[in-house]
Structure formats: C-alpha cells, structure tokens
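# Below are the sequence and a predicted model; questions follow.
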Amino acid sequence: MSKENNAVTRRLPPPRSAFIAATPEAAIARKQVLEERDAQVRGVTSIQAMRDAIKLAARALPTIAEVPRLGLLDAAAFRTQAELGLPFLISGVVNRWPLTSLLPSILRERYGHVPVRARVGDYINTAFAPDRAMRDLTMLEYLDLVAAGTQALPPYLGNLELRELNRLCHWPTYFDKMGPPRFWVGPAGTVTPLHCDYDDNIFAQVWGSKRIFLSPPHHEEFLYPKEANAILFGSPFDPEAPDFERFPLARQATMVECVVQPGDMLYVPAGWYHQVRALTFSLSSNRWARAVPFALRDDASVRRPA
C-alpha cells in the first residue's frame, strides 16, 4: 500500500469489522454497554422499551397512500407535525443551502483530496453485516471508479462525515439533540436496502433525485427483520422487486413510495422502514435525533428518570 493510501486510511475511522468481538461472551458484554450508552444519550429507560413503544404507538396510526408535502416549517410547527408519527416532505429549507447552488463537479475540483470509504461489491445483500466490502479512497479516486463503470453495482459513498461540506449546509433546529451530518454520494442505481433506524431522521436531498419506499414500524412483523445493532434493523425484502414466495408475510406490509427531488427534506419517524434508490447522480445528507422520538413525547413510561 502506498504512503498516500496509508494516509487516507489513518484519517478515516476504523471499519465496523474492527469492532467484532473475539468471543460470544465479549460480544454480549459489548452489546450491553452500547445499548446502555445509547439509552442514556436518548433519555429512555432502555432501547428495547423504546422500540416496543414505537411499534405499539404505530398501531394507532392512520394508513397513508402518499407522503404529504408541507411548506417551510419553523421548529414548533415541525415538532407538532412530527408528533403525529407519520413521514412528511418539507419544501423551502434545503434549496436555501449554499451547497444546492453548486454543481456536482465541485466534488472533483475542490474536494478530490478528501478521504472517503466506498461501499463496493455486493453491498446490498451484505448491507448490515460487519464485514461488508468497503474500500478506502480519495473522493477523486471514487469518482474515477464510478466513471469507469467496471462495477456490477455502482460504488456508493454512504453514511459518511464529510466535514468539508458542513459549512455549506444550514440545518434547521428541529431536534434538540442531533448527531453529526452524514452524507450519501453516488450515481443512479446506488441503493440502501430496506431497514429502520430507531431515531427520528431528517433527510435532505441536495442534488439529483431518489425513490424512497416507507413502511410503518408495526409492519416489521411482515418484513423478516434482522438486528444489525440495537437501533438498526435490516430487512431482506425488496419492495422494488417483491419476492412473495420467499417472503409471503410481506404481502401484508404497507409500502408508501415517494420521490425526493433537489431541495426536498424528508422526515422519517423513528422505526419506519425505508429503502432508498438513486435515480440520478445524487448527493443527500441526513441527521438523526439523539433524543426520545417525537411519537413518544407523551409516553412517560419510556423516559429515563431525571
């Protein structure tokens, strides 16, 4: 490995595979520590209690045929809407960001030196495995790899902190506590398969468009979920190519489709399953809340004592 590649590797965080425990006992102990930390950060009694409460609350949700689109919302109006527990689109926020007025070519021209970690190979079927195939590159090397078109599945930059872009994005203060911005870059055909995060999520579409399928939390029982970690569950069911012979229960799962366009912001409530496909070259960014989900704001049973 060249000195240049070594430098890139040192500047990136360790891959998930670096945290695989040596023994089953160590894995259980590590999982318990992480879950307790996550519960403290979110102010809930336990992650399990939060997950159960989200699915129970979702059973009272109305069935929706489409994701509603709203105009510009201040923080109070956003929170009132979010407490309903349903996804919605917001216009008038992202299109004010300086990043939206720039061309994608800026990634090559200004940020080609930035270290990135690309999802390569069969990253869909291994999406939630700790040993998913990844490759450390610079942004320029990644863009060249995409342009070469030699991969069966287009390489994807997903869930990355690209601090160089942060100053070009002006996030609204919808959440009291937010994780850092994460960025998603890739050409048409890149996919994040069906999964749910047990955190509220605001997802900003900067360049390009994406198709997103959403399914409510209590329909998890139809989606054959597998735990990646306490707040992330993946599903092998593909709503774009449904295989009801393998997954017959999935016939009962409600799927709502929406397309996010440049300038759109999508609110995905905690526990909602979603699958995302880029329809064009795309740059998106999102932030997860680190607090009690809005849908549980009136549920004192899940709150950790002060």
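Done, it's in. Computed from a predicted structure; not experimentally measured. Numbers count the residues shown, from 1 in each chain.
# Please give me every residue in contact with A58.
By CB atoms under 8 Å, 6 or more residues apart in numbering, the contact list for A58 reads 85, 216-218, 271, 295. Yep, even glycine has a C-beta here, placed from its N, CA and C like the rest.
# One more pass at 6 Å, please.
Going by CB atoms under 6 Å, 6 or more residues apart in numbering, A58 touches 216-218.
# gap between it and L107?
Distance, A58 to L107, using CB to CB, to the nearest Å: 38 Å.
# before we move on, back to that, closest one to D38 out of the contacts of A58, please.
P217 (17.5 Å; CB to CB).
# pretty sure Y174 is touching T80, no?
No: Y174 lies out of contact with T80 (CB atoms under 6 Å); the separation is 11.2 Å.
# ok, which stretches of the stretch 51-200 of the chain are helices?
Counting by DSSP state H, counting those that start in this stretch, residue ranges of the helices within the stretch 51-200 of the chain are 75-82, 106-109, 139-148, 163-166.
# Report the backbone C-alpha coordinates of the second one in PDB.
Extracted C-alpha coordinates of helix 106-109, given in PDB (Å, rounded to 0.1, in the frame of the first residue of the first chain):
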ATOM      1  CA  ILE A 106     -17.100  20.700  -7.300                       C
ATOM      2  CA  LEU A 107     -16.600  17.300  -5.600                       C
ATOM      3  CA  ARG A 108     -13.800  16.600  -8.100                       C
ATOM      4  CA  GLU A 109     -12.500  20.200  -8.400                       C
END
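# Which positions within that helix qualify as buried?
L107 (16 or more other CB atoms under 10 Å).
# which residues are in contact with it?
In contact with helix 106-109 (CB under 6 Å, 6+ apart) are residues 139, 143.
# try the third one
Contact partners of helix 139-148, identified using CB under 6 Å, 6+ apart, comprise 107-108, 111-112, 114, 116, 118, 155, 187.
# now do 8 Å
107-108, 111-116, 118, 137, 151, 154-155, 157, 185-187.
# for the last one, same thing?
Outside helix 163-166, the residues that touch it by CB under 8 Å, 6+ apart are 99, 111, 114, 181, 183, 285.
# Any of those buried? List them.
For those, a burial check counting by 16+ other CB under 10 Å picks out 99, 111, 114, 181, 183, 285.
# Among these, which lie within strands?
Members of those lying in strands (criterion: DSSP state E): 183, 285.
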